[in-house]
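Engineer: here is a sequence together with a model predicted from it:
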Amino acid sequence: MLWNISNLLLKINLGILADGLKSCQLCSQPLHLNDCTGEKKFGLGHMLLIRCNYCQLVNEIPTGSRHKTIAGGIAWDVNTKLAAGMIDAGLGEMHVNSLLSAMNIPTIPPKSIKCREREIVPHLADMAEETCRKNLEEVRLSDGNLTASFDGAWQKRGTGRAYNSLTG
């Protein structure tokens, strides 16, 4: 086999891969992973290039799902999920690439991650606004009877010289 799947195993949606292997686009014969001749990388998404044993056509088989972007293009769901995770964890493009590199997964150009980030930020803002609206409605309906709790058990205050979460 000319192709190495070691970096791909973490990013495969088996259902989509199985659907793609059902039949050749030209002769409808089943395809086999053993006939993979290469891959095209799109961030963490991949297209496997699989040659049909019967008609020799090289089929492009996706390893995951894709969606249409606001701009009309097509983006891989795994890349969009990576951007959402990056925002949720408070990381930047360089941090994400450092993590991927440490896991022996090929890195993604920062520009590609930024495009996916721009795609999801409006949706995250809408979700935040909706959450605030729901909480405000809850406060309005409570007639002033609200219960709140907090954890005031700060371990100790630091001097600021060696700040970390344990010293305050």
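Structural biologist: Received, thanks.

Engineer: and the helices in this protein?
Structural biologist: 14-21, 77-89, 93-102, 110-141 (DSSP state H).

Engineer: and those, which is most packed in?
Structural biologist: Among these, ranked by average contacts under mean count of other C-beta atoms under 10 Å, first place goes to helix 77-89 (a mean of 17). (Each C-beta comes from the backbone N, C-alpha and C, glycine too.)

Engineer: how distant is that one from the center of its chain?
Structural biologist: Put simply, helix 77-89 sits 4 Å off its chain's centre (C-alpha atoms, centre = their mean, to the nearest Å).

Engineer: does residue 39 touch residue 47 like I think?
Structural biologist: Yes: using C-beta atoms under 8 Å, residue 39 makes contact with residue 47 at a distance of 6.5 Å.

Engineer: and of the helices of the chain, who's closest to residue 56?
Structural biologist: helix 14-21 (16.6 Å; C-beta to C-beta).

Engineer: contacts for that closest one?
Structural biologist: With contact meaning C-beta atoms under 8 Å, 6 or more residues apart in numbering, helix 14-21 is reached by 30, 31, 32, 33, 48, 50, 59, 61, 62, 63, 64, 65.

Engineer: can you say which of these are buried?
Structural biologist: Buried members of those, scored by 16 or more other C-beta atoms under 10 Å, are 31, 48, 50, 59, 61, 62, 63, 64.

Engineer: now these as a markdown table including pLDDT?
Structural biologist: As requested, the buried ones among the contacts of helix 14-21 are exported to a markdown table (pLDDT from 0 to 100):
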| residue | pLDDT |
| --- | --- |
| 31 | 96 |
| 48 | 95 |
| 50 | 97 |
| 59 | 97 |
| 61 | 96 |
| 62 | 95 |
| 63 | 92 |
| 64 | 92 |
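
Engineer: report the two of those separated the most.
Structural biologist: Distance extremes for the buried ones among the contacts of helix 14-21: the farthest pair is 31 and 64 at 17.1 Å, using C-beta to C-beta.

Engineer: tally up the residues packed near residue 76, please.
Structural biologist: A count of nearby residues for residue 76, using other C-beta atoms under 10 Å, gives 23.
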